[in-house]
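> Sequence first, then the predicted structure, then my questions.
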Amino acid sequence: MLSVVVLISGSGSNLLALLEAAENPLYPVRVLAVGSDNPALGLEHAEKYGVPTFVVEADRFETREEFANVLMANIHFFDPDLVVLAGFMKMLPPSFVEAFRSKLINLHPSLLPLFPGAHAVRDALAAGANHTGSTIHLVDAGMDSGPIISQRELQIPEAVLEVELTEMIKVLERRHLVDVIREISEGTINMEGLI
């Protein structure tokens, strides 16, 4: 069974989908803990499912490295097979990325390499794109630039609002994340082979 620590920054809708999937004894994944860089609402999902949580606030540290080291120590305590960034909105330094080499993945709301960064949905609409979607990728030291593991595509409806498209992508992302983590657990996806 694959053990996972999930990092979030917000409402945790993707986390909730993973927790719900993990309730099924046939789903080969166990969520060990959920961490955040703020007292995020999504931590309530973990608490509801009896999963331990931790918060490491970046603004309490003088450097990004100090923040990352404390975050890393919290994750190492649980010793997961996989670390999942599911709406975690902080760039992590190379030392953190290297510490979790081949077991650190991110979920991003676009078809990378198109529209990296924090405003992917807005950027896709501004560019007049007619398709977008969900990307799960290995994390490297760049901004949403790691090797792509899996993508799912979504057609952008005409005259759709950013808030509407964001919700459509979130629905896609939930299923995508649950499926990909299952495939990693079952060995269908070879993380080492992507590096």
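Great, that's in hand.
> quick one: low-confidence parts of the chain?
Scanning the chain for pLDDT under 70 picks out the ranges 195.
> Now do the helices in it.
Using DSSP state H, the helices of the chain run over residues 13-22, 43-48, 64-78, 94-99, 120-126, 162-186.
> Quickly compare these and say which is most buried.
helix 13-22 (a mean of 20; mean count of other CB atoms under 10 Å). Where you see a C-beta, it was placed from the backbone N, CA and C, and this is true even at glycine.
> who does that one touch, helix- and strand-wise?
Applying 3 or more CB pairs under 8 Å, 6 or more residues apart in numbering; DSSP states H and E, one finds that helix 13-22 contacts strand 2-8, strand 29-36, helix 43-48, helix 162-186.
> Columns distance to residue 69 on top of the ones you listed, output as a markdown table?
Listed next are the helices and strands packed on helix 13-22 as a markdown table, based on distance: least, CB to CB, whole Å:
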| stretch | distance to residue 69 |
| --- | --- |
| strand 2-8 | 15 |
| strand 29-36 | 14 |
| helix 43-48 | 21 |
| helix 162-186 | 26 |
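> Among the ones you listed, which comes closest to residue 17?
helix 162-186 (3.6 Å; CB to CB).
> picking that back up, can I get the helices of the chain in TSV including distance to residue 55?
Shown next, in TSV, are these (distance: least, CB to CB, whole Å):
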stretch	distance to residue 55
helix 13-22	14
helix 43-48	7
helix 64-78	9
helix 94-99	17
helix 120-126	25
helix 162-186	22
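> and residue 114, which of those is closest to it?
Per CB to CB, nearest to residue 114 of the helices of the chain: helix 120-126, 7.3 Å.
> any idea how far that closest one is from the chain center?
Counting by CA atoms, centre = their mean, to the nearest Å, helix 120-126 is centred 19 Å from the centre of its parent chain.
> Packing partners of it?
Judged by 3+ CB pairs under 8 Å, 6+ apart, the packing partners of helix 120-126 are strand 131-138, helix 162-186.
> want to throw these into JSON lines with distance to residue 118?
Below are the helices and strands packed on helix 120-126 laid out as JSON lines (distance: least, CB to CB, whole Å):
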{"stretch": "strand 131-138", "distance to residue 118": "14"}
{"stretch": "helix 162-186", "distance to residue 118": "12"}
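> quick one: which of those is nearest residue 30?
Among those, the nearest to residue 30 by CB to CB is helix 162-186 (9.6 Å).
> And the contacts of the closest one?
For helix 162-186, the external contacting residues (CB atoms under 8 Å, 6 or more residues apart in numbering) are 1-2, 4, 13-14, 16-18, 21, 27-29, 82, 84, 86, 105, 107, 109, 121-122, 124-125, 132-134, 136, 149-150, 152, 154, 156-157, 160, 189, 191.
> Apply 7 Å and report the result again.
Contact with helix 162-186 is made by 2, 4, 13-14, 17-18, 21, 27-29, 82, 86, 107, 109, 121-122, 125, 132-134, 136, 149-150, 152, 154, 156, 189, 191, as judged by CB atoms under 7 Å, 6 or more residues apart in numbering.
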